[in-house]
Structure formats: structure tokens, C-alpha cells
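Engineer: pasting the structure only:
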């Protein structure tokens, strides 16, 4: 299977070409240049692999949550390629992809992923590893104030935290959870590598959609605080 994945939802701008279990990827951490970087990175990866868009089976993208502008960039780019090449798209949660990266790099099988959502809130998700070594959600993803976080899932020191939300609100989140964690990785960001890994399995499960259904997930509609009248 050949699948092209992109992600621009967090600080990283990344592309990954998955080709029958092998991957070729690029990552640039330049938050203000995602729109400028993403298309040349796609061209570079496809050219290096000698693969054309017509040879792909599917596309995938980090559908959010994350930075509003970054999520919009990935959505617009992937929809444009999908329309132009008549390819299906697998939308992948960026929180889930972050949890998958934590497993890939640190072998943690229970991850509390949190991005700083600004406005004194975090995007938050809890994930556990399944029998296929893929992260699966155990709660619905939410946007919430860190001091209001309450989970229906039992959390103990076998869990780890990851993402920018932990970098900003670690003490508050731990207080809300009522326990310490095994470790916290506040500097972890999403990559297209894990978007691709998760998308390949989701594609087999029939979760690919047409271009017009490849939509962003913001979890929150407001981009900024409204001015007081």
C-alpha cells in the first residue's frame, strides 16, 4: 500500500510516504512557515521515492485538534490533492498521533495527550495501546480548562503525559487528576510518520472518506476571545 500523510497542526510541518511498511519522511519545526513548506516537502518526498500521486492508494492528514491555522492548512492541502487526484483521505486525530509517537519513542502504552489550546484551555485525550500496537481513544477528545479536568477513566502512575499542554499546565493537570504520572514529555509534537501508521490501519478498516468529507476537527469554534461590549 502507498499512502501519503501530512501534518501541520502543531509546531512541526511534516510529510510521510508509507510504502508497503517502509516510510520516507520530512519534518521541519518552523510554526510560521507551514503554508510555505508543505507543498515543496510533498514534492521532495514523492520525487525521492520515485512515486507519483497517481500511484498512491490514499492520503491522510492530521485533522486536529491543534493550531487553527495549521489545521486549516493541512485540510486545504489534502483536499486539493484529493480532488485533483481522485484519492480517498483518512483523517487522523492529532492527539492520537501524538500518543502513537510516545509509544514509538518511549514504549509507553497509556498516554494522556494534551495540546495548549490558548485561552487557558487544553485539547485533551486519553489513549491506550491495543493488541496491534496502535493507540486507541478511551475517552472523547475535549477542550477544557486544566483545573476542570475530570475523567471517567482510572488514572494512575502507569500513565504518561505528552504535549504542549503539559508544558504549560503540568501542575494544574496533575492536581486535577489527583495522581503523579510515570513521566511527562512536554516537548513532544505530532509527526506525519504516526499519522501514516495509524491511517494505514484505518484505511483497511474502511475509514477513508471522499475529499469533501475530509474535514478539520477544532473542538472549539472560537478562535479568540470576543471583545466585551
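Structural biologist: All right, it came through fine. The model shown is predicted, which means the values in this text are computed figures rather than measured ones.

Engineer: now do the residue most central in space within the chain, the pLDDT please.
Structural biologist: Centroid-nearest residue in the chain: residue 94, 1.6 Å away (criterion: C-alpha atoms, centre = their mean). Model confidence at residue 94, expressed as pLDDT, equals 98.

Engineer: and it, what does it touch?
Structural biologist: For residue 94, the contact set (C-beta atoms under 8 Å, 6 or more residues apart in numbering) comprises 7, 9, 10, 62, 63, 64, 65, 66, 71, 115, 190, 195. In short, each C-beta sits where N, CA and C put it, glycine included.

Engineer: ok, now residue 199?
Structural biologist: Contacts for residue 199 (C-beta under 8 Å, 6+ apart) come out as 3, 5, 18, 58, 60, 90, 92.

Engineer: among the residues you listed, which lie within strands?
Structural biologist: Among the contacts of residue 199, DSSP state E puts 3, 5, 18, 58, 60, 90, 92 in strands.

Engineer: grab the nearest non-local neighbour of the fifth one.
Structural biologist: This points to residue 60. Using C-beta to C-beta, 6 or more residues apart in numbering and skipping residues adjacent in sequence, the residue nearest residue 60 is residue 199, 3.4 Å away.

Engineer: please state the offset of whichever strand or helix holds that neighbour from the chain centre?
Structural biologist: If you go by DSSP states H and E, residue 199 is part of helix 192-204. When C-alpha coordinates are averaged (C-alpha atoms, centre = their mean, to the nearest Å), helix 192-204 and its chain have centres 11 Å apart.

Engineer: now do stretch 175-187
Structural biologist: 20 Å.

Engineer: if I look at residue 216, how far off is residue 170?
Structural biologist: Counting by C-beta to C-beta, to the nearest Å, the separation of residue 216 from residue 170 is 27 Å.

Engineer: ok, residue 59 next?
Structural biologist: Residue 59 is 35 Å from residue 170, by C-beta to C-beta.

Engineer: can you check residue 159 too?
Structural biologist: In this view, residue 159 and residue 170 are 13 Å apart by C-beta to C-beta.

Engineer: so these two - more neighbours on which side?
Structural biologist: Set residue 159 next to residue 170 and count neighbours by other C-beta atoms under 10 Å: residue 159 wins out with 23 against 16.

Engineer: ok, now which ones touch that one?
Structural biologist: Shown in contact with residue 159 (C-beta under 8 Å, 6+ apart): 108, 110, 111, 112, 126, 181, 182.

Engineer: now the residues you listed: which count as buried?
Structural biologist: Buried subset of the contacts of residue 159 (neighbour count, 16 or more other C-beta atoms under 10 Å): 108, 110, 111, 112, 126, 181.
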